[in-house]
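Peer 1: make a model of this:
(one chain, ligands or ions: 1)
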Amino acid sequence: MTSFMLYHHPLSVCSMKVRLALEEKGLAWSGRVIDIVQKQEQLEPWYLKLNPKGVIPTLEFRNGTTKVLTDSAHIIRFVASLSEGNALLPQDESDHQLMERLIDLADDIDLQILSYARHPSMEKSEKILNARVTKSLLMAEQHPELRSNYLVCAERSENSKTFRVDKSHIEDVEQSALEAITFAEKQLQNNSFLLGETYTLADVIWTVVLSRLDLLGYSAWLDKHTFPQLASYYLRMQHRKSYTLAQIQNEWWDK
Ligand SMILES: N[C@@H](CCC(=O)N[C@@H](CS)C(=O)NCC(=O)O)C(=O)O
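Peer 2: Below you'll find the predicted structure:
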């Protein structure tokens, strides 16, 4: 029998992408919450053995043998490729290529750095990043076999601290997000979904991206006068049952 175990966090945008893919596919799954806010459980050695980068989400797919998948964009493509459940992939090859492009565009928006840059409390979010650096360095000493992984984790959080206050870096991220959004807006012209009249994996990832941009206060990008197609699409996506089931939550962590 097939089963799915997702290591995730309710408020993590990467986790939301996978939860929404699982719900839209109509698959039953179980989850284990990894506390990336207070306890920094993503840095526990047992978890690093599953996900060497020390990030969520991770999906364990059990089907006689166990397959461990990391990286949300990779996981959602895997989920969509399964024969069981609802179809989330287009039939046509040119539609498939367009879907891949839309997924890449959404995945390339660095929502993490925008989230750190726009967190309501710079102090509290800095505390989280500092806790990650401290724990990574401590674990690197205590677990020499995982030292190189822990050093990468420490560097990632250090980089986040630097880039989130780097105005020109944030402007570059915002500019590429805006280009992606402009592309999605054109795609929605006369279409119910990003690829036409059928819901696909591109809609999964874009729904989560729009929801995070909404939380981050990019209201001009979700405004019906600026991007009318996208604004009404976002409203429609929020009304899907999967949006609630997958807990696509517009909430800040540790305000
Ligand atoms: N490209 C990866 C990024 C994963 C990622 O950065 N996850 C965040 C949560 S959304 C995380 O685990 N952060 C904890 C940390 O950086 O220590 C994916 O999409 O899965």
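Peer 1: which parts of the stretch 51-200 of the chain sit against the ligand?
Peer 2: Selection of the stretch 51-200 of the chain residues close to the ligand by C-beta under 6 Å from any ligand atom yields Gly54, Val55, Ile56, Pro57, Asp71, Ser72, Ala73, Gln112, Arg132, Arg156. Using the backbone N, CA and C atoms, a C-beta is placed for each residue, glycine as well.
Peer 1: need the max-distance pair from those residues.
Peer 2: Spatial extent of these (C-beta to C-beta) is set by the pair Ala73 and Arg132 at 22.4 Å.
Peer 1: the more surrounded of those two?
Peer 2: Taking other C-beta atoms under 10 Å, Ala73 and Arg132 do not tie; Arg132 has more neighbours (22 against 17).
Peer 1: what's the nearest residue to the more buried one if we skip its chain neighbours?
Peer 2: Closest residue to Arg132 apart from its sequence neighbours, by C-beta to C-beta, 6 or more residues apart in numbering: Ser157 at 4.0 Å.
Peer 1: please apply the same query to Lys67.
Peer 2: Nearest residue to Lys67 in three dimensions, chain neighbours excluded: Phe61, at 4.4 Å (C-beta to C-beta, 6+ apart).
Peer 1: export whichever strand or helix holds Glu158 as PDB, just CAs?
Peer 2: In the assignment (DSSP states H and E), Glu158 maps to helix 147-163. As requested, the backbone C-alpha atoms of helix 147-163 are provided in PDB (Å, rounded to 0.1, in the frame of the first residue of the first chain):
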ATOM      1  CA  ARG A 147      29.900  19.100   9.800                       C
ATOM      2  CA  SER A 148      29.900  20.200   6.100                       C
ATOM      3  CA  ASN A 149      26.100  20.100   6.000                       C
ATOM      4  CA  TYR A 150      25.800  22.200   9.200                       C
ATOM      5  CA  LEU A 151      28.300  24.700   7.900                       C
ATOM      6  CA  VAL A 152      26.100  25.200   4.800                       C
ATOM      7  CA  CYS A 153      23.100  25.600   7.100                       C
ATOM      8  CA  ALA A 154      24.900  28.300   9.100                       C
ATOM      9  CA  GLU A 155      26.000  30.100   6.000                       C
ATOM     10  CA  ARG A 156      22.400  30.100   4.600                       C
ATOM     11  CA  SER A 157      21.100  31.800   7.700                       C
ATOM     12  CA  GLU A 158      24.000  34.300   7.800                       C
ATOM     13  CA  ASN A 159      23.200  35.100   4.100                       C
ATOM     14  CA  SER A 160      19.600  35.600   4.900                       C
ATOM     15  CA  LYS A 161      20.600  38.100   7.600                       C
ATOM     16  CA  THR A 162      22.700  40.000   5.100                       C
ATOM     17  CA  PHE A 163      20.400  39.900   2.100                       C
END
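Peer 1: what helices and strands are in contact with the following helix or strand past it?
Peer 2: Sequence-wise, the next helix or strand downstream of helix 147-163 (DSSP H and E) is helix 167-187. Contact analysis of helix 167-187 by 3 or more C-beta pairs under 8 Å, 6 or more residues apart in numbering; DSSP states H and E lists helix 93-107, helix 111-117, helix 228-238 as its packing neighbours.
Peer 1: buried ones in helix 167-187, by neighbour count?
Peer 2: The neighbour-count check on helix 167-187 (16 or more other C-beta atoms under 10 Å) flags His169, Ile170, Val173, Glu174, Ala177, Ala180, Ile181, Ala184, Glu185, Gln187 as buried.
Peer 1: in CSV, list the residues you listed along with pLDDT and distance to Glu197.
Peer 2: What follows is those, written out as CSV (pLDDT from 0 to 100; distance: C-beta to C-beta, whole Å):
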residue, pLDDT, distance to Glu197
His169, 98, 39
Ile170, 98, 37
Val173, 98, 32
Glu174, 98, 32
Ala177, 98, 27
Ala180, 98, 22
Ile181, 98, 22
Ala184, 98, 16
Glu185, 98, 18
Gln187, 97, 13
